[in-house]
Structure formats: structure tokens, C-alpha cells
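K.L.:
can't give you the sequence, but here's the structure:
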């Protein structure tokens, strides 16, 4: 399981997602150009001292990221468009959860590249969640389903029956 950020443009959000990935043992991919320098002080402040522990991979574009995903893994795009409710999805260990740019979202080509698009149901008066918060919500469900939290991976009694873990 990995998180991927498409052209992130707010360093504090990226720092929060790097912190999330480091604490949960999940790699984070940055796809395309970030809207800030990756050594930005705001990024470091949000990621605390965990950024050094984060597994960060850079990809020049969505095609480069997509080429690294092997079946049965999927590219799952989180979107505000009314698509599939994230709670109805069966997640897999090799899935990549992709989040768009905070200011621009994701272009249509990225939507087409996704194997699945999911949304988080919100109150009728709400437009969207902060991108880092959305990542935490969906990643938490995906790790719960796959028993992918660090404590699950560390204790063989938590292994999924029939799995190699």
C-alpha cells in the first residue's frame, strides 16, 4: 500500500502526509512537480522529525507511477466527484491511493489513468476535506481491511488467513 500525491502545492499538507506515511509504514510517492521546494521549512515543520523516516519516491508523471503498479494492485484516486463511496471498496496490499493538488485537483487524464475513483461522503453543506485528512481517512480504512497497520504486520497472529504475511 502506498500514498501518492499528484502535484502537491501546499507544503504543510505534504509534510502531514509524509508524517502519516512514516508513522504507518506506508511509502509516499510525489508525482509531477510540487508547487514548493521539497526542503521547504513548512514541509519540515509539518512532518516533524519523521520526514527522515518517510519512504519517498518521485515520479515525473502519472504514467511513470502507473507503470510501477503490478496486479492485483490498483491506482485508486480520491476525488470530490460523486463516485464510489470509499467504504464500499475492498482494498488490497498493492493498491496506491492517489490524491490531487490542493488548488487544482487532478486533470482529466489522471482520472482516466485511475483504475478506481472513490469519494468520502460529506455533509450536504461541505465541499471537501483537507487533502491530508482525506488521505488519513481512506488510508486508515485500507490498512484496517488489509491488516496493514504496523502492529498487524509485526504480530504473525494477525496475519490474514491464506496470506503470505
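P.N.:
Good, I have the coordinates. All figures in this text were calculated on a predicted structure; none of them were measured in a lab. Numbering: from 1, shown residues only.
K.L.:
rest of the way, CA atoms for contacts and neighbours
P.N.:
Will do.
K.L.:
Please work out the average pLDDT along stretch 123-136.
P.N.:
Averaged across stretch 123-136, the pLDDT comes to 93.
K.L.:
So for it, what gets flagged as buried?
P.N.:
Using 16 or more other CA atoms under 10 Å as the test for burial, stretch 123-136 gives 128, 131, 132, 134, 135, 136.
K.L.:
so can I have CSV of those residues showing distance to residue 76?
P.N.:
Shown next, in CSV, are the buried residues of stretch 123-136 (distance: CA to CA, whole Å):
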residue, distance to residue 76
128, 17
131, 15
132, 16
134, 13
135, 11
136, 14
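K.L.:
Nearest to residue 24 among those residues?
P.N.:
residue 136 (10.2 Å; CA to CA).
K.L.:
what about the closest residue in space to residue 78 that isn't next to it in sequence, neighbour count?
P.N.:
In this structure, residue 78 finds its nearest non-sequential neighbour in residue 118, 5.0 Å apart by CA to CA, 6 or more residues apart in numbering. Residue 118 has 21 neighbouring residues, counting by other CA atoms under 10 Å.
K.L.:
Okay then, goodbye and thanks.
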